[in-house]
Every structure is written in structure tokens, then in C-alpha cells.
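Participant: What would the 3D arrangement of this be:
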Amino acid sequence: MNETRMRALGYPTRRYKLSAYVLACVLAGVAGLLYANLTGYASPAYLSWTVSGELIVMVVLGGMGTVAGPLIGTLALLGCEEWLKSLTEHWPLILGPLIVLVVLLARRGLLGLLGATGEAEARA
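Facilitator: Okay, the predicted model is just below:
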């Protein structure tokens, strides 16, 4: 939503943004706690920039502005990665151009290719 419009309507946008930020931090902390408990080890390598880049690729690949887009992008990226790993050890050389092709040819991601209408279109 448009923050200026929401403020003009009288909504406390700062409080909502702060609440969303705190909720996201709590969820991330719980996820980190559970992951460290599962593996019995916590490493700074989990915080590398490539992890953030991979998450952005998942969102863009599936379709931004939709709820199901990141889920579709995650399933597609991880599934394709595992499938290519089973075929060849040079899987990044194949996966990289595939991602670029999807981003160039499908502006709304894989969800747009499937013909699904996203929430962004419904709002417009």
C-alpha cells in the first residue's frame, strides 16, 4: 500500500512497520535457533551474501508482488538445482543461463508464465 495514503487515512504506519519488523526478527531468530539446534553447530558462513542473493533469485524467479510467487520460485530453483546436480557436476553453468532466460522472457516470473493472476494485478 501507499504509506502516504495510509497516513492520511489515520493509520499509524510507523507502528505497523515496526511491528512487522519485530515479528520478522523474532521468526528469523527462532529459525536460527532451531537450525543451530538441529545441526549442533552455528557458523558465520550461514550469513554470507550469497544466501541473500539466492533468496532474491527465488522471489524474482517465482514472481514478485504475489504470495505464491516466492514459493513457486523456491520450488523451481531448488528442484532444478537438485535435478541438474544429478546430471552433471557443472550444474551452475546450466542453471545460471536458465535463470537469466526466465527473468528476461517472463517479466512476472514463473507464475506469470503459468498464466496465474497475481495479487498485484488484482489490486490495479
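Participant: Check which helix or strand the residue most central in space within the chain maps to.
Facilitator: Centroid-nearest residue in the chain: Val59, 3.5 Å away (criterion: CA atoms, centre = their mean). Using DSSP states H and E, Val59 maps to helix 49-62.
Participant: Please point out which parts of that helix sit buried.
Facilitator: Using 16 or more other CB atoms under 10 Å as the test for burial, helix 49-62 gives Val57, Met58, Val59, Val60, Leu61, Gly62. Placement of C-beta: from N, CA and C, glycine included.
Participant: what mean pLDDT does the top helix by length along the chain have?
Facilitator: In the chain, assigned by DSSP state H, the helix with the most residues is helix 13-39. Average pLDDT, helix 13-39: 92.
Participant: can you offset everything so residue one is 566?
Facilitator: Renumbered: residue one is now 566, and that last one reads helix 578-604.
Participant: which helices and strands does it pack with?
Facilitator: In terms of contacts (3 or more CB pairs under 8 Å, 6 or more residues apart in numbering; DSSP states H and E), helix 578-604 is packed against helix 568-573.
Participant: That'll do, ta.
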